[in-house]
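In: Sequence and predicted model, in that order:
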Amino acid sequence: MARAANPRFLQAWLAALTEGQRFAGYVIWKSGARQWVNEHLEGYRLDEVEWLLYQHVAGGGTLEQVEERREAWMDCKYHFDVRFEIEGTMIYFETVLLRDDPEDPLISIVSVHLV
Amino acid sequence: MANPSPPRGDRPFPWPCPSCRAIEVSPTTIAHTSTLLYDGRHVTVDVPRLKALQCRACGELVFDARVDEQIHLALRQQLKLLTPEQICAAVASLGAKEDEVAADFGVSTATFVRWATGRIIQPPAVDRCLRGYFASPATRAALRAASRDTTFGTVAVVAAPSNAE
């Protein structure tokens, strides 16, 4: 069931994207998610997409916390979804908090596709 | 008083794998081929020595902004586009500010900064216009005129023949 992310997870998620603008090791992408961006968002580098994700959620956009029910991914209790527009196209991002400590966060962007 | 947060920096390797979750993601150098959308078509880009990230446990390739930056740089080189460094150097040479150049192009400063930092690759027509702008005072003057006068450029002007002809 989806709901807005709890404050601790939200804080960790935003902190990962903030730190990821300056340092390596806070935001990583699975190959398929990276490939989708390269093949569909003309000219956009991953750091720009990460910044847009941050701006959307920090600006009040919803970070959806979804209880994980897929067998293969049950090691993470939740995944975190964002839906927002880039260049007029609504895009879905599925992310996972690999480290949910706001002081040392790490998110993985695991899937990206059109809504 | 609470202890201040430790200064952040790059996370030391190895990192967790987003696929198998093993703490085994480390740098590696591979030959890599990517497909990127540019100018409305898919362009294949080969990077013979991509400094990539790979899980030593499951073999999954992992990407981050720095890996992606190398792929975009290879695309620029392949298509012979201006690099962010060249754009920034040219702006500095003109003694201009980013907001002034943005105004001459009729775009927001944020858009120009994205081109100048490489976070978004400039479209091919913009690349040509940037080259003209940087290389030619007449082009700069023409773009400035276009931003002031809505009739500018609505009628084609054919160059007058020179006296020698």
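Out: Happy to help now that I have it.
In: Let's check: the centremost residue of chain B is which one?
Out: B:G118 (2.4 Å; CA atoms, centre = their mean).
In: Find the nearest non-adjacent residue to residue 19, please.
Out: With no chain named, the answer covers chain A. A:Y26 (4.2 Å; CB to CB, 6 or more residues apart in numbering or on different chains). No exception for glycine: its C-beta is placed from N, CA and C like everyone else's.
In: That was the other one, I meant chain B.
Out: B:E60 (4.2 Å).
In: Check the burial of that neighbour by counting its neighbours.
Out: B:E60: 18 surrounding residues under other CB atoms under 10 Å in any protein chain shown.
In: so B:A52 bridges to which residues?
Out: As for beta bridges, B:A52 partners with B:T28 under DSSP bridges.
In: How confident is the prediction for the residue nearest to the centre of chain B, by pLDDT?
Out: As predicted, B:G118 sits at a pLDDT of 96.
In: least trustworthy helix or strand in chain B by mean pLDDT?
Out: helix B:137-148 (a mean of 93; mean pLDDT, DSSP states H and E).
In: Give me the contact list for that helix.
Out: With CB atoms under 8 Å, 6 or more residues apart in numbering or on different chains as the contact definition, helix B:137-148 has outside contacts at B:94, B:103-106, B:129, B:132-133, B:152-153.
In: okay, now A:A72: neighbour count?
Out: 7.
In: For it, list the residues it contacts.
Out: Per CB under 8 Å, 6+ apart, neighbours of A:A72: none.
In: Also B:G9?
Out: A:F23.
In: Which residue ranges of chain A form helices?
Out: Applying DSSP state H to chain A gives helices spanning A:7-20, A:31-40, A:46-58.
In: want to try CSV for those, with distance to B:Q122, mean pLDDT and mean neighbour count as columns?
Out: Below are the helices of chain A laid out as CSV (distance: least, CB to CB, whole Å; pLDDT from 0 to 100; neighbours: other CB atoms under 10 Å in any protein chain shown):
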stretch, distance to B:Q122, mean pLDDT, mean neighbour count
helix A:7-20, 24, 95, 19
helix A:31-40, 17, 97, 19
helix A:46-58, 13, 97, 20
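In: Using a markdown table, lay out these together with distance to B:H72.
Out: Shown next, in a markdown table, are the helices of chain A (distance: least, CB to CB, whole Å):
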| stretch | distance to B:H72 |
| --- | --- |
| helix A:7-20 | 17 |
| helix A:31-40 | 9 |
| helix A:46-58 | 9 |
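In: between those helices, which one is nearest to B:Q78?
Out: Among these, the nearest to B:Q78 by CB to CB is helix A:31-40 (13.9 Å).
In: Just name whatever secondary elements the closest one is in contact with.
Out: Applying 3 or more CB pairs under 8 Å, 6 or more residues apart in numbering or on different chains; DSSP states H and E, we find helix A:31-40 packed against helix A:46-58, strand A:106-114, strand B:23-38, strand B:61-63, helix B:65-79.
In: packing partners for the third one?
Out: When contacts are defined as 3+ CB pairs under 8 Å, 6+ apart, strand B:23-38 packs onto helix A:31-40, strand B:15-16, strand B:41-55, helix B:65-79.
In: among those, which is the most enclosed?
Out: strand B:15-16 (a mean of 22; mean count of other CB atoms under 10 Å in any protein chain shown).
In: Between the helices and strands packed on strand B:23-38, which one is closest to B:V113.
Out: helix B:65-79 (16.1 Å).
In: Against which helices or strands is that closest one packed?
Out: Right, helix B:65-79 is packed against helix A:31-40, helix A:46-58, strand B:23-38, strand B:41-55 by 3+ CB pairs under 8 Å, 6+ apart.
In: go with 10 Å
Out: strand A:27-30, helix A:31-40, helix A:46-58, strand B:23-38, strand B:41-55, helix B:84-93, helix B:124-135 (3 or more CB pairs under 10 Å, 6 or more residues apart in numbering or on different chains; DSSP states H and E).
In: For that helix, output the C-alpha coordinates as CSV.
Out: Extracted in CSV, the C-alpha atoms of helix B:65-79 (Å, rounded to 0.1, in the frame of the first residue of the first chain):
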residue,chain,number,x,y,z
ALA,B,65,26.6,10.6,-12.4
ARG,B,66,30.3,10.3,-13.0
VAL,B,67,30.1,7.2,-15.1
ASP,B,68,27.3,8.9,-17.1
GLU,B,69,29.3,12.0,-17.6
GLN,B,70,32.0,10.0,-19.4
ILE,B,71,29.4,8.6,-21.8
HIS,B,72,28.0,12.1,-22.5
LEU,B,73,31.5,13.4,-23.1
ALA,B,74,32.1,10.6,-25.6
LEU,B,75,28.8,11.6,-27.4
ARG,B,76,30.0,15.3,-27.6
GLN,B,77,33.3,14.1,-29.0
GLN,B,78,31.7,11.8,-31.5
LEU,B,79,29.3,14.6,-32.7
